[in-house]
Structures are given as structure tokens and as C-alpha cells.
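Enquirer: test case, fold it:
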Amino acid sequence: MDISIYKETTYRNDIQGVRAIGAILIMIYHIWFSKVSGGVDVFFVVSGYFMAGMLARSYLRNGKVKPFEFWGRIIRRIAPLAYTVIAATFVAGFFLMPPSLWRGSINEVLTSALHLENWQLIRVGTNYLASSNPPSPLQQFWALSLQMQFYLFLPLILFLSIALSKLVGSYKVVLFVVALVIVSSFGFSIYYTNINPTAAYFHTGTRAWEFFVGVAIFIASPFISLSPTVSRVLMWVGFLLILAVGVFVPDSATYPGYIAALPVAAAAIMIIAGISDKAGYVYQMLSSKALVYIGGISFSLYLWHWPILIYFQHYSGVMPGEMTLIEGLFVIALAFTLSVISKKLIENPFAKIKNENILAPYFIGLVFFIPVFISSYYARTEVNKEFDAAKVTDYVNGDYYTGDSAYVQEGPTNLELNRLLSVSNDVTRASVDGCSDGIVNDEISFCEFGDKNSENYILLVGGSRLAQWAPLFYYLGEKDNFKVINATMNSCSFGYHPYMENSIDCQNWNNKIVKFISSMEPKPKAVIVNSSRTENARVAKNTGIKGSNEYTPPGYVENIKEVLSLGIPVIGLRINPILNDPNYCLWKNSDDGSKCATNYSSSLKKVNPIIQIKEDEGLNGFYPVDFTEVICSNGVCPAIFDGYPTMRIDDHLTRSYISYLAPALEKSLDNQVGGFSKILNK
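Expert: Next comes the predicted model:
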């Protein structure tokens, strides 16, 4: 094989058009539909094709792979714009984002600057586009982080494969190695997406095959020869397939997995078709000046549109996927404006630096990187001081509410910045102690509170929206001398339901937890669980539910029956109402927190759904408990009460609020179960 054939590669205007289509689809689906479009997958394929070409031409010029030259060109191309966007997003966050989200955002500034944002999102268990809260304004950097990781390894992989090819005397080894990467990564993507779709979305291993499909196309390109008719048909097939992915792939589909093969195939088909024919309608459209120009700023568009979108959602209160046409066009127009300015003032000047100066790009990268990293690291240190203090602070200090229910209070919130900044860490002690952190496997972890020496004990079982009620039971345990055992696990409810995270581990955990309860001696006096749930905005949209989406999954009922069959009483706590971005609202309306109150009918049904199920199923020994009229009143839920923020995030109550209301909650509990002490003393 004569590798000099790669000298004939020319600039492909049509591929810039493909990039433009990808960028446009990404913006459309992020802004108006809050779902995956396949545009990022197109970027990965195109990037692999371009980067392979860059390395091949360098190899032909120099007779060897020169990784430092390659990496330098990447840094020169990416660093100025990327760090400008990170810095602008970082600074804007202090003005446009509630303090409760500062810590997470600063962490993502650091990981984005280090091109490890995808691993940060895996670490914190982010479900891309699936939260009812606006996501992080830096979240789009997961894709750039992946690309930078690919760029790091690509010259090394090609260097090793070329060395092997020389040993065996055939350059086909290079294509074999690339094919091996594609097959291995695609297989891993299918496997890992099935067991952990949240992490799989961002994982380097699940996405590598998409990038290397582009590499493979470039390697094979000199041998591709298609008739004009076939090329034009393929162009249409690829173009229509790209458009179809966002339309026909449902929100509920797990991604990337095998579904990512659709946008990857679309991009690959169009790149291949454009090799042989340059006269078809689709080719000419993709090569038009408008799309080529958009393709040239597609990188900027991708980076800028996301923080603009997220900050607009924060400012306006618009939920993801619910923007009007005018609002969405405003976001796109602003993204275009910043992209054009960035192209002229940031990208173009640095692109003029000659390639012969190997050290210049690295110096440029450091000039942009160091200020962003140092300033964000300092900010993180200061924010963490306040955040970590929340772990050891007893917010209540023995001062409990003596009334029957919370209510909306007008006037200034008197909420200090540090309290709002650390509100996301206002969590139950079980979470602080690390026994309710989140399911990473199907192992059961638990810890003890209340009177740890008592033989009488109750068991709390479920996810984080059950664990949030734990301060009430800790209070009761210390007051009435019984033990409270936490067997809670974030992102995993007691009872299977179709939309839970990490479903395989959670299903296994559920199978184990019932057996665990049956083996406990002595038996718990009561098991506390959730009896209903609500879904975030995106899941509710997928199910076609409008307005209130509260329901009791069949899996909840099945597990409750199993515990009741053991002769153990079960207390089912109704899910709490959802408030829309309450802490941002409090931050904006410090003069009057009553503006942030929410009618709970927007998320809860008029009647607790477990009531009818109890009647139909005859659940003897089951006690339905509804605290809604304690934490809210007259149908309205406050975002702040007596200086206590009520919610950590939209759907999770704060430890301090539940602790403060403990006497009122105790009174309500006694009334609803006919005396909680009677259950304990049976």
C-alpha cells in the first residue's frame, strides 16, 4: 500500500455543511424539545475524519507521527475559545444563577478546564436533559472533554499501529487496529448503556467508536469509488437519517447504545458519498456559503448556546423543553452573535500563528488556562468553607415550631447568602454519614440513629425522598427512646417502578432488601416507606401525563404486601409537593419570599392515590400518612418558613425544615396512625 495516496485529500466544504446541520439540530432539540438530536454524534464522526487527515498529512511530510505538533494545533484551535466560554460562564453564574448551585457549577468549571467534564458528570450521576431543574451551564463541555481525550490518544494509537504495520509489511494493520477499537467500543456501549444509561451517556469508552468511525472512513477513503447515482442516493439517505433521529427516537430510549448507530451511520454515509460525487443537490446544499459558514462557527455555537439557554431558563423560570418560538429564537440569535464575535476576535487571530512554532500553542493554552483554573479553584475553596459547615451545623438548635402547619409568610426572607449557598447540603444525617449516598451496586448499607441502645426500632427503607423525612424519626427516637435504622439509598425507591435510575442495581437491591427485612431479629416495629411518587418534567412528558403526575407504582404495592405478610406494620408517606426552582426564586425575591410559594395541586392529586389502593387491596397493617397540610397549608407551599428554606432542590425537603417542624409532624403522625407509640409498643 502506497500511503502517498493520502496527499490528494482536499478540503471538504460539504463536511462543514454536515457540521452545520449537526449544530442546528443540537440547538433546536436542546431549546424546544429538551432531548437528544444525534448532532453530537455527527460531530464525533466528522472530528475523527478531520483529525485522521491532519495526522496523515503530517506523517507524509515528516515520515513519522508527531504528537506534540498535533496536540499543539488542537490547543491553538480550541483553547482560546473554550476557556473564554468557561470564564464568561463562570463570571455570569454569580449574577444569573442561585447561590445554591454555585458549588456544583464551580466544580464543573474546574473539570471543564481540565477536559474531564464527562467524568465529573458520571461522578455526580447527572442525567442529561432529564432534570426538572435547569442543568449546569457548563454541562455541554462533556462533549469537548471527550474529543480532547480522543485527540490525546489518537496519535498514540496510530503510532503503535503504524509501527506494527511496518513489522508485518502491510498498512492494513492500521485499519485493523481502528476496526478493533470501533467494535470493542460499540460492544461496550451497548452493554454499559443497558446497565447504567446515565453514566454510559458520558463515558469515553461508549463514545470512542463514533470518533474512530470517522478515522476509519479517512483511512479507507482512497479506495472508495461510487457512481454519481449511488453517491447522490446515499447523500439523501444520510441527510434524511440525520433529520429523522431527533424526530423518531423517543425520549425514553436509552442512549447511546445501539441507537447512536443511527446518527453515526448518517454522518458516515454523507462523508462517504461526498468522496465520489460533488454535483448532487444535497452535496451542493451542504457546500453552500451559508452552511459552510455555520459549519465554521459550529464549535462556537455549540459552546455558547448552552449557557445562554440555561441562564435564560433560570432568569425566566421556563422549564426545559417549554420555551416559546420567540424565546428560543432569541437564544439562537444571541448564540450566533457571540459565535461570530468569537470567530473574529478570538479564533481567527490565533489561527494565523505558524505551525512551525511548536511551543507557541502550548504557551497560548497556558495563558488562557491558568487564570480560569486559579480563579475557580480559589472560588471553590471559599464556597466549600460555607458548604462543609452545613454538614456539622444543627440548624434548629432545639428551637422547634409550636404551631400545626407552615404557611406562606410575606415580607423579607432574611436569608443570609451562606445559608442559601449551602442549602443543597442541608441533608439528613444519614447522607452526611455516607449511608444514603446513592446506589453504586446492589449492596445494602444502613446506619442507626435515635436511641441506639433500645431494642425497639423502626426501619426507614427507600430513596432520597423517603430519607428526607428521617429528621422527624430521629427526633422521635431520641425523645421516645427507640432506635431508627436507615436503609435508604438515593436514586432507588422501595419497590420497582419504570423510571428509576440505575434500574438493574436498584431492582437487585429491592430483591435483597425484602429478604433482609425478613431476616431481622427482632423484627422492626414498623417499616417506613414512600407510598406515592411524582416524576420530573421530562418523564411526565414521556408518559403523556399533564398537570399532577402523582401515582403509586405497582412495585410499591408489591413490596408493601411482602412486608405486611411478615407481620410488620408499614407506614406509607405520601410524596411531597414539587416547587419550581425555589432557591433561585428566593435569591431573586429576598424582599418577599411569599412570591416563591407554589400551589401543590400542580404536582399532587386531590386525593392521596394509596387510599384507594388500600381499600381495593385490603392492606391490613398499612397506615397511609400525608404530611402535605403540615409542610404546606391551604393548598400552598412556602419556599421559606421562619427563615428556614423548605427545599434543597425542587423536589427534596431540607433537613432543617423537617427538624423545625418535627413537633407538628409528630402530632399529624399520631392523628393519622391512631398513636405512633401504640405501634411501637405492640
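
Enquirer: gap between residue 427 and residue 532?
Expert: With distances taken as CB to CB, to the nearest Å, residue 427 is found 22 Å from residue 532. Using the backbone N, CA and C atoms, a C-beta is placed for each residue, glycine as well.

Enquirer: again with residue 552
Expert: 5 Å.

Enquirer: between those two, which contacts overlap?
Expert: Common neighbours of residue 552 and residue 532, using CB atoms under 8 Å, 6 or more residues apart in numbering, are 609, 610.

Enquirer: compare the two (neighbour count), which wins?
Expert: residue 552 (25 against 22; other CB atoms under 10 Å).

Enquirer: any idea how far the more buried one is from residue 144?
Expert: 43 Å.

Enquirer: same question, residue 173
Expert: 31 Å.

Enquirer: go on, residue 419?
Expert: Taking CB to CB, one finds residue 419 at 35 Å from residue 144.

Enquirer: before we move on, the earlier item: comparing residue 173 and residue 144, which shows the higher neighbour count?
Expert: Neighbour count, other CB under 10 Å: between residue 173 and residue 144, residue 144 has more, with 22 against 18.

Enquirer: close enough to count as contact, that one and residue 78?
Expert: Yes - the pair residue 144 / residue 78 is scored as a contact, 7.3 Å apart, by CB atoms under 8 Å.

Enquirer: do a quick rundown of the strands in the stretch 301-450 of the chain.
Expert: Assigned by DSSP state E, counting those that start in this stretch, the strands in the stretch 301-450 of the chain fall at 447-450.

Enquirer: so where's it shaky on pLDDT?
Expert: Scanning the stretch 301-450 of the chain for pLDDT under 70 picks out 319-320, 355-356, 390-398, 432-444.

Enquirer: how about the chain?
Expert: Using pLDDT under 70, the chain drops low at 1-10, 126-134, 252, 319-320, 355-356, 390-398, 432-444, 498-503, 536-548.

Enquirer: what segments of the stretch 151-300 of the chain are helices?
Expert: For the stretch 151-300 of the chain, the helices defined by DSSP state H, counting those that start in this stretch cover 172-195, 197-202, 204-220, 228-248, 261-276, 281-286, 289-296, 298-316.

Enquirer: and the ones you listed as JSON lines, adding distance to residue 109?
Expert: Formatted as JSON lines, those follow (distance: least, CB to CB, whole Å):
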{"stretch": "helix 172-195", "distance to residue 109": "27"}
{"stretch": "helix 197-202", "distance to residue 109": "17"}
{"stretch": "helix 204-220", "distance to residue 109": "20"}
{"stretch": "helix 228-248", "distance to residue 109": "29"}
{"stretch": "helix 261-276", "distance to residue 109": "29"}
{"stretch": "helix 281-286", "distance to residue 109": "36"}
{"stretch": "helix 289-296", "distance to residue 109": "27"}
{"stretch": "helix 298-316", "distance to residue 109": "11"}
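
Enquirer: wait, which of the ones you listed is closest to residue 579?
Expert: helix 298-316 (14.7 Å; CB to CB).

Enquirer: may I have that closest one exported as CSV, CA atoms only?
Expert: Output of helix 298-316 as CSV, limited to C-alpha atoms (Å, rounded to 0.1, in the frame of the first residue of the first chain):
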residue,chain,number,x,y,z
SER,A,298,-20.4,25.3,14.8
PHE,A,299,-17.9,24.8,17.6
SER,A,300,-18.6,28.3,18.9
LEU,A,301,-22.4,27.8,18.5
TYR,A,302,-22.2,24.5,20.5
LEU,A,303,-20.3,26.1,23.3
TRP,A,304,-22.2,29.4,23.5
HIS,A,305,-25.8,28.3,23.1
TRP,A,306,-25.9,26.1,26.2
PRO,A,307,-25.0,28.6,28.9
ILE,A,308,-27.3,31.2,27.2
LEU,A,309,-30.1,28.6,27.3
ILE,A,310,-29.6,27.6,30.9
TYR,A,311,-29.2,31.2,32.2
PHE,A,312,-32.4,32.2,30.3
GLN,A,313,-34.2,29.3,31.9
HIS,A,314,-33.1,30.4,35.4
TYR,A,315,-34.0,34.0,34.7
SER,A,316,-37.4,33.4,33.1
